[in-house]
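A.B. asks: Turn this into a model:
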Amino acid sequence: MAREDWDKVIEGKISEAKERGAKKRGWVVLRKSWLTSSINYRMELDEIAVFSKLIVMADEFGPVPGLISDNDCRPMPHEYLAHQACCSLEVLESVLDKGSKDDSLYENSHGIFMTHFDAYQFTEYDRQKPYREAKKRAGHDSDPDKYIKGKYGDMVNR
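C.D. replies: Here you go, the predicted model:
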């Protein structure tokens, strides 16, 4: 994706986060496909470890999932991130360089953005959650007789 496009995506996510507040889950997903992903042949073992820590930081730091920034959406110093990842600054810089070349990391004036964070971290359940909540607010789940109408409705005692 072009630089301007990633900037628009990040700006949209920042405005969305300001409307709804921070969305923290306390966990991240590493699926089996992590073992065969391209990161394994593009990076050295110490860089893979730092990249995996960046995934956790992308969910924990800042109000926007996928963006490593402070709470005001400003970039954090690389020295601080290297300290948090328990690595040298050279290893972190190497990860950022390789990540930007293969379009998995993008860095701008707001911080470090993991470009595929949403695709890997959010499930179908997360995608459907707003629709379920809207349905509850509209009162669609408040029908007490909905189980009586089904195939085995004659077995329901009320």
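
A.B. asks: for this protein, which spans come out with low pLDDT?
C.D. replies: 1-4, 20-25, 139-150, 152-158 (pLDDT under 70).

A.B. asks: How many residues are close by the residue lying closest to Ile14 once chain neighbours are set aside?
C.D. replies: Of all residues not flanking Ile14 in the chain, Cys73 sits nearest, at 5.3 Å (C-beta to C-beta, 6 or more residues apart in numbering). From N, CA and C alone the C-beta is placed, and that goes for glycine too. If you count neighbours by other C-beta atoms under 10 Å, Cys73 ends up with 19.

A.B. asks: Identify the residues contacting Cys73.
C.D. replies: Ile14, Gly62, Pro63, Val64, Leu67, His110, Gly111 (C-beta atoms under 8 Å, 6 or more residues apart in numbering).

A.B. asks: Among those residues, which ones are in strands?
C.D. replies: Leu67, Gly111 (DSSP state E).

A.B. asks: The residue nearest to Ile14: helix or strand, and which one exactly?
C.D. replies: Secondary structure from DSSP states H and E places Cys73 outside every helix and strand.

A.B. asks: So for stretch 111-129, first residue to last residue, what's the gap.
C.D. replies: 28 Å (C-alpha to C-alpha, to the nearest Å).

A.B. asks: in it, what counts as buried?
C.D. replies: Gly111, Ile112, Phe113, Met114, Thr115, Phe117, Tyr120, Gln121, Phe122 (16 or more other C-beta atoms under 10 Å).

A.B. asks: quick one: which of these is nearest to Glu90?
C.D. replies: The shortest gap between Glu90 and any of the buried residues of stretch 111-129 belongs to Ile112, at 16.5 Å (C-beta to C-beta).

A.B. asks: All good on my end, thank you.
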